[in-house]
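[1] sequence below, structure please.
(chains A and B)
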Amino acid sequence: MARTLKIRAHEIDGQVIVKSVINHPMETGRRKVQKTGKKIPPHFIKEVIVSRNRRIVMEAFWGKSISRNPFLSFQIPGRKGDTITISWLDNRGNTDSASAKVR
Amino acid sequence: MKRRTLLKASLQLGITGLLFPGIAIGAYPTRAFLAKQIPDALREAFGTTDIGESSKIEIDAPHIASDANMVPVRIKSGFENTESISLVVSGNESPFTAYFRLYEAQSFVSTRIRMADTSDLLVIVKADGVLHTNKRPVRVGRNGCGAS
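    Below is the predicted model:
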């Protein structure tokens, strides 16, 4: 699978600011193919798990109302050199994960 | 340290995709996400609809959203020991939008959401076991199309 995750993390005064973008269509199940009028089945990320140095710091449950190519940003305590890992799981069971070092 | 073990186990399971990762620490609240009415969604997610308002929760979103499919929302909880942050969009067909469970000293999350119509954003924060809520109206431009 192509790379789906982009993560940037930097530290300011003991707080790590993480910004990430996941490449994902996030279909709601309500959009239709214009020509045929057939509905595009739902396909969206249900769960995102964030860990710092292999310990979970955040767990997000998402519904269909999250935008396409979801953007997620948050602040956690941490230091330079920490490893931030983000993994996601969608309603079709696809999953991906990626890591980045805090700068 | 039992909690940590559970967390670790659930993370490993999540990555291998063997089991639903949330299973040890609270599974995906499917019924809250499916609920069509806000009280139902709140009841499913938190077990109550009686939540006190608090101005300590800051919600940063545009007054008028130009693109209904990408409304940036930034949420800051002014409470110490914030355990979770939830986002509910009252105008959407399925109002319950996102639930963030926070395990460390965190108070800020930001993401982008879809809004079907001009409506209120509701944020529910759980801190020290107590629920707090705040809301903020967002107007959606005319090209807002039907996101659920």
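[2] what's opposite the most centrally placed residue in chain A in the beta bridge?
    Among the residues of chain A, the one closest to the centroid is A:Ile22, at 4.8 Å (Cα atoms, centre = their mean). Per DSSP bridges, the residues bridged to A:Ile22 are A:Leu5.
[3] buried set for stretch A:56-73?
    A:56-68, A:70-73 (16 or more other Cβ atoms under 10 Å in any protein chain shown). (C-beta placed from N, C-alpha, C; glycine too.)
[4] can you flag which of these belong to strands?
    Among the buried residues of stretch A:56-73, DSSP state E puts A:Ile56, A:Val57, A:Met58, A:Glu59, A:Ala60, A:Phe61, A:Trp62, A:Phe71, A:Leu72, A:Ser73 in strands.
[5] setting aside sequence neighbours, what's the nearest residue to the fourth one?
    Closest residue to A:Glu59 in three dimensions, ignoring its sequence neighbours and counting by Cβ to Cβ, 6 or more residues apart in numbering or on different chains: B:Arg101, at 4.3 Å.
[6] output the below-cut-off pLDDT ranges for chain A.
    Across chain A, residues meeting the criterion (pLDDT under 70) sit at A:1.
[7] show me the beta-bridge partners of the residue nearest to A:Glu59.
    Assigned bridge partners for B:Arg101, using DSSP bridges, are A:Glu59, B:Ser84.
[8] could you measure from it over to A:Ile49?
    10 Å (Cβ to Cβ, to the nearest Å).
[9] what touches both of the two?
    Common contacts of B:Arg101 and A:Ile49, defined by Cβ atoms under 8 Å, 6 or more residues apart in numbering or on different chains, comprise A:Met58, A:Glu59, A:Ala60.
[10] list the contacts of the last one.
    Taking Cβ under 8 Å, 6+ apart as the definition of contact, the neighbours of A:Ala60 are A:Glu47, A:Val48, A:Ile49, A:Val50, A:Leu72, B:Ala98, B:Tyr99, B:Phe100, B:Arg101, B:Val109.
[11] let me see the confidence value for the most centrally placed residue in chain B.
    Residue closest to the mean C-alpha point of chain B, counted by Cα atoms, centre = their mean, is B:Ser86 at 2.2 Å. At B:Ser86, the model reports a pLDDT of 95.
[12] now the phi/psi pair for it, please.
    phi -120, psi 150 (degrees, to the nearest 10).
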